[in-house]
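Undergrad: from the sequence below, what's the structure:
(chains A and B)
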Amino acid sequence: MRQISWLPMMTNTAFFDFDRASYAYETGAKILSNVDWHIPKGAFHCLVGRSGCGKTTLLKLAAGLMLPTQGQVRFKGELVKGPSQKVGFVFQTPALLEWLPVVDNVLLPISLQRAVQAEDRENALELLELVGIADLAKRYPRQLSGGQQSRAGLARVLLTSPPALLMDEPFAALDAITREELQDDLLRLVTMRKTTVLFVTHDIAEAVYLGDQVAVMEQGHIPSIVTIDLKEPRSKDFRYENDFSFYCQSIHEAMMQKTPVEM
Amino acid sequence: MRRSISSLVLLVCLLLFWEITVRMFDVSALVVPTPSNILLVLWDGLIIGFLWHHIWITSVETLLGFVLGSSIGFICGVILGEIDKLRRLLWPYVLATQVVPKLALGPIFIVWFGFGMTSTVVITALICFFPLVENTMTGLQIAAPEKRELFRMLGAGRWKTLVRLKIPAGLPTIMAGVRVSIVLALVGAVVGEFIGGSEGLGASIIAAQGMMDSPLMFALFVLITLMGILFYQIILLLERRLLRNWSKGEIL
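TA: Below you'll find the predicted structure:
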(Lines give C-alpha, C1' and ligand atoms only; values in the text may rest on other atoms or scores of the structure.)
Protein backbone atom coordinates (compact mmCIF):
# COMPACT_ATOMS: atom_id res chain seq x y z
CA MET A 1 0.00 0.00 0.00
CA ARG A 2 1.33 3.37 -0.97
CA GLN A 3 1.67 6.25 1.40
CA ILE A 4 -0.03 9.56 0.95
CA SER A 5 2.51 12.33 0.94
CA TRP A 6 1.52 15.73 2.20
CA LEU A 7 3.20 18.16 -0.12
CA PRO A 8 5.55 20.73 1.34
CA MET A 9 5.11 24.33 0.26
CA MET A 10 6.71 25.04 -3.05
CA THR A 11 7.36 28.65 -3.86
CA ASN A 12 10.19 28.87 -6.34
CA THR A 13 8.79 26.80 -9.21
CA ALA A 14 5.14 27.73 -8.80
CA PHE A 15 2.95 28.43 -11.82
CA PHE A 16 -0.12 29.62 -9.97
CA ASP A 17 0.43 31.15 -6.54
CA PHE A 18 -2.36 31.74 -4.09
CA ASP A 19 -0.97 33.87 -1.32
CA ARG A 20 -3.40 34.18 1.57
CA ALA A 21 -6.07 34.81 -1.04
CA SER A 22 -9.55 35.53 0.28
CA TYR A 23 -12.79 36.35 -1.37
CA ALA A 24 -15.91 37.72 0.23
CA TYR A 25 -19.11 39.13 -1.23
CA GLU A 26 -20.10 42.71 -0.53
CA THR A 27 -22.64 41.35 1.92
CA GLY A 28 -19.72 40.00 3.96
CA ALA A 29 -20.32 36.34 3.17
CA LYS A 30 -16.88 34.73 2.97
CA ILE A 31 -16.28 32.31 0.12
CA LEU A 32 -12.54 31.82 0.42
CA SER A 33 -10.40 32.60 3.42
CA ASN A 34 -6.62 32.77 3.39
CA VAL A 35 -5.99 30.19 0.71
CA ASP A 36 -2.30 29.38 0.34
CA TRP A 37 -1.69 27.14 -2.61
CA HIS A 38 1.34 26.91 -4.87
CA ILE A 39 0.77 25.03 -8.06
CA PRO A 40 3.95 23.89 -9.80
CA LYS A 41 4.31 23.87 -13.55
CA GLY A 42 3.44 21.02 -15.87
CA ALA A 43 1.23 18.77 -13.84
CA PHE A 44 -2.45 17.94 -13.63
CA HIS A 45 -3.93 19.40 -10.47
CA CYS A 46 -7.42 18.58 -9.33
CA LEU A 47 -9.48 20.42 -6.79
CA VAL A 48 -12.31 18.49 -5.20
CA GLY A 49 -14.91 19.65 -2.77
CA ARG A 50 -18.61 19.74 -2.14
CA SER A 51 -20.92 22.05 -4.03
CA GLY A 52 -20.66 25.61 -2.80
CA CYS A 53 -17.32 25.21 -1.03
CA GLY A 54 -15.64 27.87 -3.18
CA LYS A 55 -14.00 25.75 -5.89
CA THR A 56 -15.31 27.80 -8.78
CA THR A 57 -14.41 31.04 -7.02
CA LEU A 58 -10.84 29.82 -6.59
CA LEU A 59 -10.67 28.97 -10.27
CA LYS A 60 -12.04 32.37 -11.27
CA LEU A 61 -9.43 34.06 -9.08
CA ALA A 62 -6.74 32.09 -10.94
CA ALA A 63 -8.31 33.18 -14.24
CA GLY A 64 -8.52 36.82 -13.23
CA LEU A 65 -12.29 36.78 -13.83
CA MET A 66 -12.60 37.72 -10.17
CA LEU A 67 -10.06 39.49 -7.99
CA PRO A 68 -9.33 38.47 -4.40
CA THR A 69 -10.72 40.82 -1.77
CA GLN A 70 -7.60 40.11 0.31
CA GLY A 71 -4.27 38.50 -0.44
CA GLN A 72 -2.76 37.86 -3.84
CA VAL A 73 -2.93 35.54 -6.80
CA ARG A 74 0.09 35.32 -9.08
CA PHE A 75 0.54 33.61 -12.42
CA LYS A 76 4.18 32.87 -13.32
CA GLY A 77 5.21 35.32 -10.63
CA GLU A 78 3.08 38.15 -11.97
CA LEU A 79 0.13 39.53 -10.08
CA VAL A 80 -3.17 38.53 -11.71
CA LYS A 81 -5.09 41.74 -12.42
CA GLY A 82 -7.53 40.49 -15.02
CA PRO A 83 -8.13 37.76 -17.57
CA SER A 84 -5.08 36.68 -19.55
CA GLN A 85 -5.05 34.97 -22.91
CA LYS A 86 -2.18 32.80 -21.72
CA VAL A 87 -4.71 30.97 -19.60
CA GLY A 88 -7.48 28.89 -21.13
CA PHE A 89 -10.76 28.50 -19.28
CA VAL A 90 -13.26 25.68 -19.79
CA PHE A 91 -16.68 26.33 -18.29
CA GLN A 92 -19.29 24.01 -16.82
CA THR A 93 -21.24 24.28 -20.06
CA PRO A 94 -19.51 24.11 -23.45
CA ALA A 95 -20.48 27.80 -24.02
CA LEU A 96 -20.51 27.48 -27.80
CA LEU A 97 -22.12 30.19 -29.93
CA GLU A 98 -25.21 28.59 -31.48
CA TRP A 99 -25.12 30.75 -34.60
CA LEU A 100 -21.62 29.73 -35.67
CA PRO A 101 -20.57 26.40 -37.17
CA VAL A 102 -18.30 24.30 -34.98
CA VAL A 103 -15.12 25.27 -36.83
CA ASP A 104 -15.86 28.98 -36.41
CA ASN A 105 -16.53 28.39 -32.74
CA VAL A 106 -13.09 26.80 -32.45
CA LEU A 107 -11.59 29.78 -34.28
CA LEU A 108 -13.23 32.31 -31.93
CA PRO A 109 -10.09 33.01 -29.86
CA ILE A 110 -8.35 34.12 -33.07
CA SER A 111 -11.26 35.77 -34.86
CA LEU A 112 -11.79 38.03 -31.85
CA GLN A 113 -8.22 39.28 -32.16
CA ARG A 114 -7.45 39.38 -35.87
CA ALA A 115 -8.55 38.16 -39.30
CA VAL A 116 -8.56 34.37 -39.60
CA GLN A 117 -5.91 33.03 -42.01
CA ALA A 118 -6.03 29.82 -44.00
CA GLU A 119 -3.46 28.26 -41.68
CA ASP A 120 -5.58 29.07 -38.64
CA ARG A 121 -8.41 27.18 -40.28
CA GLU A 122 -6.12 24.20 -40.92
CA ASN A 123 -4.97 24.39 -37.32
CA ALA A 124 -8.58 24.37 -36.11
CA LEU A 125 -9.45 21.38 -38.30
CA GLU A 126 -6.40 19.53 -36.98
CA LEU A 127 -7.55 20.16 -33.44
CA LEU A 128 -11.03 18.93 -34.27
CA GLU A 129 -9.35 15.82 -35.65
CA LEU A 130 -7.43 15.46 -32.37
CA VAL A 131 -10.57 15.68 -30.26
CA GLY A 132 -12.30 13.29 -32.64
CA ILE A 133 -14.99 15.42 -34.27
CA ALA A 134 -13.36 16.50 -37.55
CA ASP A 135 -16.41 15.33 -39.50
CA LEU A 136 -18.65 17.72 -37.53
CA ALA A 137 -16.70 20.89 -38.38
CA LYS A 138 -19.50 22.41 -40.46
CA ARG A 139 -22.33 21.45 -38.12
CA TYR A 140 -23.94 23.87 -35.71
CA PRO A 141 -23.60 23.40 -31.92
CA ARG A 142 -27.25 22.45 -31.39
CA GLN A 143 -26.80 19.59 -33.86
CA LEU A 144 -24.13 18.05 -31.59
CA SER A 145 -24.53 15.78 -28.59
CA GLY A 146 -23.35 16.93 -25.17
CA GLY A 147 -20.05 15.02 -25.45
CA GLN A 148 -19.39 16.40 -28.93
CA GLN A 149 -20.06 19.93 -27.68
CA SER A 150 -17.55 19.40 -24.87
CA ARG A 151 -15.02 18.23 -27.44
CA ALA A 152 -15.62 21.33 -29.54
CA GLY A 153 -15.11 23.46 -26.43
CA LEU A 154 -11.87 21.61 -25.74
CA ALA A 155 -10.63 22.23 -29.29
CA ARG A 156 -11.46 25.94 -28.89
CA VAL A 157 -9.50 26.36 -25.68
CA LEU A 158 -6.49 24.49 -27.13
CA LEU A 159 -6.38 26.58 -30.32
CA THR A 160 -4.05 29.21 -28.91
CA SER A 161 -2.00 26.55 -27.04
CA PRO A 162 -2.23 28.22 -23.63
CA PRO A 163 0.43 27.01 -21.17
CA ALA A 164 -2.24 26.72 -18.46
CA LEU A 165 -5.78 25.37 -18.51
CA LEU A 166 -8.42 26.07 -15.90
CA MET A 167 -11.37 23.70 -16.03
CA ASP A 168 -14.56 24.08 -14.06
CA GLU A 169 -16.35 20.72 -13.87
CA PRO A 170 -16.37 20.52 -17.66
CA PHE A 171 -17.64 16.94 -17.84
CA ALA A 172 -20.14 17.07 -14.98
CA ALA A 173 -23.18 17.03 -17.25
CA LEU A 174 -22.06 14.05 -19.34
CA ASP A 175 -23.00 10.40 -18.97
CA ALA A 176 -20.42 8.08 -17.37
CA ILE A 177 -19.10 6.46 -20.55
CA THR A 178 -18.78 9.72 -22.48
CA ARG A 179 -17.10 11.30 -19.46
CA GLU A 180 -14.49 8.53 -19.29
CA GLU A 181 -13.74 8.92 -22.99
CA LEU A 182 -13.31 12.64 -22.59
CA GLN A 183 -11.09 12.21 -19.54
CA ASP A 184 -8.76 9.94 -21.51
CA ASP A 185 -8.69 12.34 -24.46
CA LEU A 186 -8.03 15.30 -22.17
CA LEU A 187 -5.13 13.49 -20.47
CA ARG A 188 -3.65 12.56 -23.84
CA LEU A 189 -3.89 16.14 -25.13
CA VAL A 190 -2.46 17.92 -22.12
CA THR A 191 0.35 15.39 -21.72
CA MET A 192 1.25 15.84 -25.37
CA ARG A 193 1.28 19.62 -25.02
CA LYS A 194 2.75 19.68 -21.49
CA THR A 195 -0.05 21.91 -20.32
CA THR A 196 -0.48 22.74 -16.64
CA VAL A 197 -4.06 22.00 -15.68
CA LEU A 198 -6.14 23.07 -12.73
CA PHE A 199 -9.25 20.95 -12.83
CA VAL A 200 -12.19 21.52 -10.52
CA THR A 201 -14.60 18.67 -9.88
CA HIS A 202 -16.91 17.28 -7.22
CA ASP A 203 -16.26 13.72 -8.42
CA ILE A 204 -13.51 12.07 -6.33
CA ALA A 205 -12.93 9.24 -8.82
CA GLU A 206 -12.52 11.75 -11.63
CA ALA A 207 -9.99 13.72 -9.57
CA VAL A 208 -7.94 10.64 -8.71
CA TYR A 209 -8.02 9.36 -12.28
CA LEU A 210 -6.95 12.65 -13.83
CA GLY A 211 -4.80 14.33 -11.22
CA ASP A 212 -1.14 14.13 -10.34
CA GLN A 213 -2.20 16.01 -7.26
CA VAL A 214 -5.58 16.34 -5.70
CA ALA A 215 -6.34 19.24 -3.40
CA VAL A 216 -9.31 18.96 -1.13
CA MET A 217 -11.34 22.05 -0.47
CA GLU A 218 -13.57 22.50 2.53
CA GLN A 219 -15.53 25.66 3.35
CA GLY A 220 -13.13 28.03 1.65
CA HIS A 221 -9.94 26.32 2.86
CA ILE A 222 -7.60 23.79 1.30
CA PRO A 223 -6.91 21.51 4.26
CA SER A 224 -5.02 18.82 2.37
CA ILE A 225 -3.27 18.04 -0.89
CA VAL A 226 -2.75 14.43 -1.94
CA THR A 227 -0.18 13.36 -4.52
CA ILE A 228 -1.48 10.53 -6.65
CA ASP A 229 1.34 8.13 -7.38
CA LEU A 230 -0.15 5.89 -10.04
CA LYS A 231 1.76 4.72 -13.07
CA GLU A 232 1.46 6.76 -16.28
CA PRO A 233 -0.12 6.80 -18.73
CA ARG A 234 -3.40 5.94 -17.13
CA SER A 235 -5.87 3.69 -18.80
CA LYS A 236 -9.36 2.38 -18.11
CA ASP A 237 -8.13 -0.56 -15.99
CA PHE A 238 -6.82 1.78 -13.31
CA ARG A 239 -10.30 2.61 -12.24
CA TYR A 240 -10.65 -0.90 -10.86
CA GLU A 241 -7.26 -1.30 -9.18
CA ASN A 242 -6.66 -1.35 -5.44
CA ASP A 243 -4.49 1.74 -5.43
CA PHE A 244 -7.18 3.67 -7.19
CA SER A 245 -9.81 2.90 -4.59
CA PHE A 246 -7.27 3.54 -1.83
CA TYR A 247 -6.74 7.07 -3.06
CA CYS A 248 -10.45 7.62 -3.54
CA GLN A 249 -11.06 6.54 0.02
CA SER A 250 -8.31 8.76 1.45
CA ILE A 251 -9.66 11.78 -0.34
CA HIS A 252 -13.15 10.96 0.76
CA GLU A 253 -11.92 10.86 4.35
CA ALA A 254 -10.07 14.14 3.88
CA MET A 255 -13.29 15.72 2.62
CA MET A 256 -15.22 14.46 5.61
CA GLN A 257 -12.79 15.99 8.11
CA LYS A 258 -14.21 19.12 9.64
CA THR A 259 -11.00 20.66 10.94
CA PRO A 260 -8.14 21.52 8.61
CA VAL A 261 -5.27 19.04 8.72
CA GLU A 262 -1.97 20.45 9.94
CA MET A 263 0.61 20.31 7.20
CA MET B 1 -51.34 23.07 -46.64
CA ARG B 2 -54.48 21.32 -45.37
CA ARG B 3 -54.81 23.89 -42.64
CA SER B 4 -54.72 26.79 -45.09
CA ILE B 5 -57.39 25.06 -47.20
CA SER B 6 -59.64 24.75 -44.14
CA SER B 7 -59.03 28.44 -43.37
CA LEU B 8 -60.08 29.29 -46.90
CA VAL B 9 -63.22 27.16 -46.67
CA LEU B 10 -64.12 28.92 -43.43
CA LEU B 11 -63.65 32.30 -45.13
CA VAL B 12 -65.93 31.33 -48.02
CA CYS B 13 -68.57 30.06 -45.59
CA LEU B 14 -68.48 33.27 -43.57
CA LEU B 15 -68.71 35.42 -46.69
CA LEU B 16 -71.66 33.37 -47.97
CA PHE B 17 -73.40 33.69 -44.60
CA TRP B 18 -72.78 37.44 -44.66
CA GLU B 19 -74.03 37.80 -48.23
CA ILE B 20 -77.19 35.76 -47.59
CA THR B 21 -78.04 37.46 -44.30
CA VAL B 22 -77.66 40.97 -45.70
CA ARG B 23 -79.80 40.09 -48.75
CA MET B 24 -82.41 38.26 -46.68
CA PHE B 25 -82.98 41.11 -44.23
CA ASP B 26 -82.51 43.69 -46.97
CA VAL B 27 -79.91 45.68 -45.00
CA SER B 28 -78.98 49.01 -46.60
CA ALA B 29 -75.58 49.07 -48.32
CA LEU B 30 -74.89 52.20 -46.28
CA VAL B 31 -74.92 50.16 -43.04
CA VAL B 32 -73.50 46.83 -44.15
CA PRO B 33 -72.71 46.25 -47.83
CA THR B 34 -72.64 42.72 -49.24
CA PRO B 35 -69.28 41.06 -49.85
CA SER B 36 -70.02 40.89 -53.57
CA ASN B 37 -70.61 44.64 -53.62
CA ILE B 38 -67.36 45.26 -51.71
CA LEU B 39 -65.38 43.04 -54.05
CA LEU B 40 -66.88 44.80 -57.05
CA VAL B 41 -65.88 48.22 -55.71
CA LEU B 42 -62.40 46.90 -54.89
CA TRP B 43 -62.06 45.38 -58.33
CA ASP B 44 -63.19 48.62 -60.04
CA GLY B 45 -60.80 50.66 -57.95
CA LEU B 46 -57.87 48.49 -58.90
CA ILE B 47 -58.83 48.26 -62.60
CA ILE B 48 -59.58 51.93 -63.04
CA GLY B 49 -56.50 52.53 -60.97
CA PHE B 50 -57.41 55.30 -58.53
CA LEU B 51 -56.58 52.99 -55.58
CA TRP B 52 -53.01 52.28 -56.67
CA HIS B 53 -51.85 55.81 -55.91
CA HIS B 54 -53.20 55.57 -52.36
CA ILE B 55 -51.71 52.10 -51.89
CA TRP B 56 -48.36 53.51 -52.95
CA ILE B 57 -48.57 56.51 -50.59
CA THR B 58 -49.57 54.38 -47.58
CA SER B 59 -46.88 51.79 -48.37
CA VAL B 60 -44.18 54.45 -48.58
CA GLU B 61 -45.30 56.03 -45.32
CA THR B 62 -45.48 52.66 -43.59
CA LEU B 63 -42.04 51.53 -44.76
CA LEU B 64 -40.33 54.88 -44.16
CA GLY B 65 -41.81 55.14 -40.68
CA PHE B 66 -40.95 51.51 -39.99
CA VAL B 67 -37.33 51.77 -41.10
CA LEU B 68 -36.82 55.09 -39.33
CA GLY B 69 -38.54 54.09 -36.09
CA SER B 70 -37.03 50.60 -35.92
CA SER B 71 -33.48 51.76 -36.60
CA ILE B 72 -33.64 54.54 -34.03
CA GLY B 73 -35.33 52.11 -31.64
CA PHE B 74 -32.60 49.54 -32.15
CA ILE B 75 -29.81 52.06 -31.62
CA CYS B 76 -31.50 53.48 -28.51
CA GLY B 77 -32.09 49.94 -27.26
CA VAL B 78 -28.40 49.14 -27.62
CA ILE B 79 -27.31 52.34 -25.88
CA LEU B 80 -29.81 51.98 -23.04
CA GLY B 81 -29.10 48.26 -22.76
CA GLU B 82 -25.36 48.82 -22.49
CA ILE B 83 -25.21 51.84 -20.19
CA ASP B 84 -27.09 51.16 -16.97
CA LYS B 85 -26.87 54.73 -15.71
CA LEU B 86 -28.37 56.10 -18.90
CA ARG B 87 -31.14 53.53 -18.78
CA ARG B 88 -32.12 54.50 -15.26
CA LEU B 89 -32.03 58.16 -16.26
CA LEU B 90 -33.93 57.95 -19.56
CA TRP B 91 -36.26 54.98 -19.22
CA PRO B 92 -39.20 56.99 -17.77
CA TYR B 93 -39.01 59.30 -20.77
CA VAL B 94 -38.84 56.45 -23.27
CA LEU B 95 -41.88 54.96 -21.57
CA ALA B 96 -43.65 58.32 -21.67
CA THR B 97 -43.29 58.53 -25.45
CA GLN B 98 -45.21 55.28 -25.63
CA VAL B 99 -47.85 55.86 -23.02
CA VAL B 100 -48.90 59.14 -24.59
CA PRO B 101 -51.58 58.39 -27.20
CA LYS B 102 -49.95 58.94 -30.57
CA LEU B 103 -53.27 60.09 -31.99
CA ALA B 104 -53.23 62.94 -29.50
CA LEU B 105 -49.82 64.00 -30.78
CA GLY B 106 -51.12 64.12 -34.35
CA PRO B 107 -52.40 67.71 -34.27
CA ILE B 108 -49.11 69.08 -32.90
CA PHE B 109 -47.14 67.15 -35.53
CA ILE B 110 -49.31 68.78 -38.18
CA VAL B 111 -48.39 72.16 -36.71
CA TRP B 112 -44.69 71.18 -36.80
CA PHE B 113 -44.44 69.22 -40.03
CA GLY B 114 -47.52 70.34 -41.97
CA PHE B 115 -50.22 68.23 -43.58
CA GLY B 116 -49.09 65.29 -45.59
CA MET B 117 -46.48 62.63 -45.56
CA THR B 118 -43.97 63.94 -43.00
CA SER B 119 -46.44 64.01 -40.12
CA THR B 120 -47.65 60.51 -40.89
CA VAL B 121 -44.11 59.16 -41.17
CA VAL B 122 -43.19 60.72 -37.82
CA ILE B 123 -46.23 59.19 -36.10
CA THR B 124 -45.46 55.80 -37.67
CA ALA B 125 -41.82 56.01 -36.62
CA LEU B 126 -42.84 56.87 -33.07
CA ILE B 127 -45.06 53.81 -32.95
CA CYS B 128 -42.35 51.50 -34.35
CA PHE B 129 -39.73 52.86 -31.98
CA PHE B 130 -40.87 51.25 -28.76
CA PRO B 131 -41.04 47.54 -29.64
CA LEU B 132 -37.46 47.74 -30.88
CA VAL B 133 -36.14 49.59 -27.81
CA GLU B 134 -37.83 47.15 -25.50
CA ASN B 135 -36.83 43.98 -27.35
CA THR B 136 -33.27 45.13 -28.05
CA MET B 137 -32.73 45.93 -24.38
CA THR B 138 -34.11 42.54 -23.39
CA GLY B 139 -32.22 40.76 -26.17
CA LEU B 140 -28.85 42.16 -25.09
CA GLN B 141 -29.27 40.54 -21.67
CA ILE B 142 -29.85 37.05 -23.11
CA ALA B 143 -26.22 35.95 -23.66
CA ALA B 144 -25.37 33.45 -20.89
CA PRO B 145 -22.96 34.61 -18.14
CA GLU B 146 -20.49 31.87 -19.11
CA LYS B 147 -20.32 33.17 -22.66
CA ARG B 148 -19.65 36.67 -21.36
CA GLU B 149 -16.86 35.30 -19.18
CA LEU B 150 -15.54 33.38 -22.18
CA PHE B 151 -15.35 36.65 -24.10
CA ARG B 152 -13.55 38.26 -21.17
CA MET B 153 -11.05 35.38 -21.10
CA LEU B 154 -10.48 35.82 -24.83
CA GLY B 155 -9.67 39.48 -24.32
CA ALA B 156 -12.73 40.85 -26.14
CA GLY B 157 -13.54 44.44 -25.26
CA ARG B 158 -16.95 45.94 -24.78
CA TRP B 159 -17.55 46.66 -28.47
CA LYS B 160 -16.54 43.19 -29.63
CA THR B 161 -18.60 41.55 -26.91
CA LEU B 162 -21.58 43.62 -28.04
CA VAL B 163 -21.19 42.93 -31.75
CA ARG B 164 -19.98 39.34 -31.63
CA LEU B 165 -21.92 38.05 -28.64
CA LYS B 166 -24.72 40.17 -27.21
CA ILE B 167 -26.40 41.30 -30.44
CA PRO B 168 -26.20 37.87 -32.16
CA ALA B 169 -27.45 36.13 -29.02
CA GLY B 170 -30.33 38.59 -28.77
CA LEU B 171 -31.17 38.65 -32.48
CA PRO B 172 -34.19 36.29 -32.24
CA THR B 173 -35.69 38.58 -29.59
CA ILE B 174 -34.82 41.70 -31.57
CA MET B 175 -36.44 40.23 -34.68
CA ALA B 176 -39.61 39.51 -32.68
CA GLY B 177 -39.69 43.25 -31.99
CA VAL B 178 -39.32 43.95 -35.71
CA ARG B 179 -42.34 41.73 -36.41
CA VAL B 180 -44.49 43.62 -33.93
CA SER B 181 -43.15 46.85 -35.36
CA ILE B 182 -44.18 46.21 -38.97
CA VAL B 183 -47.77 45.41 -37.98
CA LEU B 184 -47.98 48.56 -35.87
CA ALA B 185 -46.40 50.60 -38.68
CA LEU B 186 -49.37 50.10 -40.98
CA VAL B 187 -51.79 51.04 -38.19
CA GLY B 188 -49.65 54.11 -37.53
CA ALA B 189 -49.67 55.18 -41.17
CA VAL B 190 -53.44 54.77 -41.57
CA VAL B 191 -54.19 56.58 -38.31
CA GLY B 192 -51.70 59.30 -39.25
CA GLU B 193 -53.57 59.80 -42.50
CA PHE B 194 -56.87 60.05 -40.63
CA ILE B 195 -55.53 63.11 -38.88
CA GLY B 196 -53.40 64.89 -41.36
CA GLY B 197 -53.38 63.13 -44.70
CA SER B 198 -54.97 64.09 -47.99
CA GLU B 199 -53.68 60.99 -49.75
CA GLY B 200 -53.33 57.33 -48.84
CA LEU B 201 -55.71 54.61 -47.74
CA GLY B 202 -56.44 56.20 -44.35
CA ALA B 203 -57.30 59.52 -45.98
CA SER B 204 -59.43 57.62 -48.50
CA ILE B 205 -61.45 56.08 -45.66
CA ILE B 206 -62.17 59.57 -44.32
CA ALA B 207 -63.10 60.72 -47.83
CA ALA B 208 -65.36 57.67 -48.35
CA GLN B 209 -67.01 58.41 -45.02
CA GLY B 210 -67.69 61.94 -46.20
CA MET B 211 -69.42 60.55 -49.29
CA MET B 212 -71.29 57.94 -47.19
CA ASP B 213 -69.69 55.33 -49.47
CA SER B 214 -69.69 52.32 -47.14
CA PRO B 215 -68.79 49.74 -49.82
CA LEU B 216 -65.63 51.74 -50.59
CA MET B 217 -64.78 51.95 -46.87
CA PHE B 218 -65.11 48.20 -46.56
CA ALA B 219 -63.03 47.75 -49.72
CA LEU B 220 -60.31 49.88 -48.11
CA PHE B 221 -60.45 47.79 -44.93
CA VAL B 222 -59.88 44.71 -47.04
CA LEU B 223 -56.99 46.35 -48.84
CA ILE B 224 -55.30 47.50 -45.60
CA THR B 225 -55.69 44.03 -44.08
CA LEU B 226 -54.15 42.38 -47.12
CA MET B 227 -51.25 44.87 -47.08
CA GLY B 228 -50.67 44.17 -43.39
CA ILE B 229 -50.52 40.43 -43.99
CA LEU B 230 -48.19 40.93 -46.95
CA PHE B 231 -45.76 43.16 -44.99
CA TYR B 232 -45.80 40.72 -42.09
CA GLN B 233 -45.04 37.79 -44.36
CA ILE B 234 -42.16 39.64 -46.02
CA ILE B 235 -40.64 40.41 -42.61
CA LEU B 236 -41.18 36.81 -41.52
CA LEU B 237 -39.34 35.61 -44.62
CA LEU B 238 -36.46 38.05 -43.98
CA GLU B 239 -36.31 36.91 -40.36
CA ARG B 240 -36.15 33.23 -41.30
CA ARG B 241 -33.34 33.99 -43.72
CA LEU B 242 -31.42 36.06 -41.23
CA LEU B 243 -31.86 33.57 -38.39
CA ARG B 244 -31.37 30.40 -40.40
CA ASN B 245 -28.10 29.62 -38.58
CA TRP B 246 -29.71 30.27 -35.22
CA SER B 247 -32.36 27.63 -35.70
CA LYS B 248 -29.99 24.98 -37.06
CA GLY B 249 -30.28 21.90 -34.95
CA GLU B 250 -33.45 22.88 -33.12
CA ILE B 251 -35.25 20.13 -34.98
CA LEU B 252 -33.03 17.10 -35.37
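Undergrad: now do the same contact list for A:Leu79.
TA: Neighbouring residues of A:Leu79 by CB atoms under 8 Å, 6 or more residues apart in numbering or on different chains: A:72-73. Yep, even glycine has a C-beta here, placed from its N, CA and C like the rest.
Undergrad: bridge partners for it, pull those for me.
TA: Here A:Leu79 shows beta-bridge partners A:Arg74, assigned using DSSP bridges.
Undergrad: if I look at whatever residue of the stretch 51-200 of chain A ends up closest to chain B, how far off is A:Gln148?
TA: Nearest residue of the stretch 51-200 of chain A to chain B, counting by CB to the nearest CB: A:Arg142, 2.9 Å away. Between A:Arg142 and A:Gln148 the computed distance is 11 Å (CB to CB, to the nearest Å).
Undergrad: neighbour-wise, which of the two wins?
TA: For A:Arg142 versus A:Gln148, neighbours defined as other CB atoms under 10 Å in any protein chain shown are more numerous around A:Gln148 (19 against 16).
Undergrad: neighbours of A:Arg50, how many?
TA: Neighbours of A:Arg50 using other CB under 10 Å come to 12.
Undergrad: same thing with A:Thr56?
TA: Neighbour tally, A:Thr56, other CB under 10 Å: 20.
Undergrad: three-state assignment of it?
TA: helix (DSSP: H, G, I helix; E, B strand; the rest coil).
Undergrad: quick check, pLDDT for the nearest residue in space to it that is not next to it in sequence.
TA: Leaving out its chain neighbours, the residue that sits closest to A:Thr56 by CB to CB, 6 or more residues apart in numbering or on different chains is A:Asp168, at 5.6 Å. A:Asp168 carries a pLDDT score of 93 in this model.
Undergrad: next up, the contacts around A:Asp168.
TA: Taking CB under 8 Å, 6+ apart as the test, what A:Asp168 contacts is A:55-56, A:59, A:89-92, A:200.
Undergrad: and with 6 Å instead?
TA: A:Asp168 is in contact with A:56, A:59, A:91-92, A:200, counting by CB atoms under 6 Å, 6 or more residues apart in numbering or on different chains.
Undergrad: how about a markdown table for those, with distance to B:Thr225, pLDDT and secondary structure added?
TA: Listed next are the contacts of A:Asp168 as a markdown table, based on distance: CB to CB, whole Å; pLDDT from 0 to 100; DSSP: H, G, I helix; E, B strand; the rest coil:
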| residue | distance to B:Thr225 | pLDDT | secondary structure |
| --- | --- | --- | --- |
| A:Thr56 | 55 | 89 | helix |
| A:Leu59 | 58 | 91 | helix |
| A:Phe91 | 49 | 93 | coil |
| A:Gln92 | 50 | 91 | coil |
| A:Val200 | 59 | 93 | strand |
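Undergrad: if I look at B:Lys248, how far off is A:Met192?
TA: Distance of B:Lys248 to A:Met192, computed by CB to CB: 32 Å.
Undergrad: B:Phe115 too?
TA: For B:Phe115, the distance to A:Met192 equals 76 Å [CB to CB].
Undergrad: look at the two and report which has more neighbours.
TA: Under the criterion of other CB under 10 Å, the comparison of B:Phe115 against A:Met192 puts B:Phe115 first, with 14 against 9.
Undergrad: my read: that one touches B:Gly196, true?
TA: Yes. Contact between B:Phe115 and B:Gly196 holds when scored by CB atoms under 6 Å: they sit 5.0 Å apart.
Undergrad: quick one, strands of the chain?
TA: Here I'm looking at chain A. A:14-24, A:30-40, A:44-49, A:70-75, A:78-79, A:87-90, A:164-168, A:196-201, A:213-218, A:221-227 (DSSP state E).
Undergrad: and B:Val111, which of those strands is closest to it?
TA: For the strands of chain A, distance to B:Val111 was read as CB to CB. The smallest value, 59.2 Å, belongs to strand A:87-90.
Undergrad: so which elements touch that closest one?
TA: Helices and strands touching strand A:87-90, by 3 or more CB pairs under 6 Å, 6 or more residues apart in numbering or on different chains; DSSP states H and E, are strand A:164-168.
Undergrad: show me what the strand it packs on pairs with in its sheet, parallel or antiparallel.
TA: strand A:87-90 (parallel), strand A:196-201 (parallel).
Undergrad: list the buried residues in the last one.
TA: Neighbour-count burial for strand A:196-201 flags A:196-201 (criterion: 16 or more other CB atoms under 10 Å in any protein chain shown).
Undergrad: what's the closest of those to B:Pro145?
TA: A:Val200 (16.8 Å).
Undergrad: just confirm A:His45 contacts A:Gln213, I think it does.
TA: Yes. With contact defined as CB under 6 Å, A:His45 and A:Gln213 form a contacting pair (5.1 Å).
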